[in-house]
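[1] sequence first, predicted coordinates after that:
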Amino acid sequence: MRLHEVVDLATSDAPPAQNTIDDIVGKGRKAQRRRRAGFAGAGAALAVVAVSAAATIPSLFGGTGDSAGLPVAAAPSTVTSAAPAAWEFPADPFQFTFSAFDAGRWHVADPVVASTSYQIASVYLDGRTSNDRAATEEEVAEMEENFKKKLKGEAVPEEPTIYAYLVLYRPGAFDPAKLAGATRLTVDGKQAYQVGGPGNGGMTRRALAWSYDADAWAVLETHSNAEEDPSDAELQKIVAGLKPSKAAPATLPFTLDYVPAGYKPVELGSHAISGLNGIAGARDGDYGGAIFANPAPATTGLVEPYGGVDGETIPSSFQIFVVPSANSNQTTGNTTIKCGNGFCTHRSEDGKTSIQVASDGRLSDAEMTKILKGLKLKNVKDDSTWANAADALK
């Protein structure tokens, strides 16, 4: 069981007394699909053993997500050279053009997700905790106990929580005209739109989109269990903190010798799995992932990352996961490739890394096996051995 499947254990009003924990878990599975990569096809392609602590919340632009948790330590910066005076937009989109920064109470981590249209970084706020790692068994037990207390009408302390991330879109990718009900304003001399409102489970939704360069937009999206934290003023402080860094290629702990005809790389995670699923598990210690699609999704007219906050599968795609073996119970335990339920998986020679391909049945077992056989694993503990994404995914 994943704790995000137990909806609103600590933050929402208690459900009717006739609902058991199993009932709530079932409802959570229908409402909550974040980290969906763990449930590809009819089985679990990346079924993580640990449990993710979460409360169900809606996306600002539709869907549901999760947040709650513990303090975070930022990942090492990907940028080592002097920052450029202007933003760079490399022809190769799998590069990071900003790095970690602080803005008041905000702490933006280095981006770990890149796609053909955007980059994504986790964002944290002093005074509020954010979960982007699997919970321990003890934490799961505590939240289940709190849930039982709420069923009995007992008071349960509410921890100040937030889930937030920053998406930096390439020029032309984001369409602010699709932000229904947004308030137009100017922040730090930049055109901006702000939207928000109440959400499920007592969460408050807020997002700020601003034009950081010509036809190029950044979006901070937050979900907090406090109506006024972050306030509008706090939300807007992040704008002045965003600065360009020298473009640095995203790196991956593997290379590929084979990709099925017609499939193109569209999204990756470096030190995370791909997309907002990777941001939701940024501290799980995953090594990397990539998504290929045929046809590739649109690179314009977006208002959220591919798959949305639910982590839905990109249509006509397959995914690659490279994670610690402890993070997946779907593995053969050795280098033998085993397939079933729309995915194939095996382990590294030392048994410490799980390597998987999931396609929800779009690819045959033979094709997925061929991908895995052509995947060359780098030293997952040594970034200096990793390959630039443009070389790894070609």
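    Sure, I can see it.

[2] neighbours of the nearest residue to Thr313 once chain neighbours are set aside, how many?
    On the basis of Cβ to Cβ, 6 or more residues apart in numbering, the spatially nearest residue to Thr313 that is not a chain neighbour turns out to be Asp360, at 6.0 Å. Any C-beta I mention is one placed from the backbone N, CA and C, and that applies to glycine too. Each residue near Asp360 was counted by other Cβ atoms under 10 Å, and the total is 18.

[3] for the strand or helix carrying Leu276, packing partners?
    Assigned by DSSP states H and E, Leu276 belongs to helix 275-280. Counting by 3 or more Cβ pairs under 8 Å, 6 or more residues apart in numbering; DSSP states H and E, the packing neighbours recorded for helix 275-280 are strand 64-67, strand 113-115, strand 118-125, strand 264-270.

[4] switch the cut-off to 6 Å
    For helix 275-280, the packing partners by 3 or more Cβ pairs under 6 Å, 6 or more residues apart in numbering; DSSP states H and E come out as none at all, with no helix or strand in contact.

[5] quick one: buried residues of that helix?
    Taking 16 or more other Cβ atoms under 10 Å as the basis for neighbour counts, the residues of helix 275-280 that come out buried are 275-280.

[6] now that helix: mean pLDDT?
    Confidence for helix 275-280, expressed as mean pLDDT, is 92.

[7] ok now that helix, how far from the chain's centre?
    On the basis of Cα atoms, centre = their mean, to the nearest Å, helix 275-280 sits 1 Å off its chain's mean C-alpha point.

[8] and what of stretch 140-156?
    When distances are taken as Cα atoms, centre = their mean, stretch 140-156 is centred 28 Å away from the chain's centroid.

[9] and for stretch 251-260?
    Averaged C-alpha coordinates place stretch 251-260 at 21 Å from its chain's average position (Cα atoms, centre = their mean).

[10] stretch 206-221 too?
    Chain-centre distance of stretch 206-221: 18 Å, with Cα atoms, centre = their mean.

[11] same thing with stretch 328-346?
    23 Å.

[12] in the one helix or strand Thr369 maps to, what counts as buried?
    Secondary structure assigned from DSSP H and E places Thr369 in helix 365-373. Neighbour counts using 16+ other Cβ under 10 Å place 365, 367-372 of helix 365-373 among the buried residues.

[13] what is the nearest of the residues you listed to Thr116?
    The shortest distance between Thr116 and any of the buried residues of helix 365-373, using Cβ to Cβ, involves Ile371 and amounts to 20.0 Å.

[14] ok, the closest one touching Ala358?
    No - distance between Ile371 and Ala358: 10.6 Å, which falls outside the contact criterion (Cβ atoms under 6 Å).

[15] isn't Ala392 up against Pro253?
    No - the pair Ala392 / Pro253 is not scored as a contact, 8.7 Å apart, by Cβ under 6 Å.

[16] thinking again about what came up before, nearest to Leu377, of the buried residues of helix 275-280?
    Ranked by distance to Leu377 (Cβ to Cβ), the buried residues of helix 275-280 are led by Gly278 at 18.6 Å.
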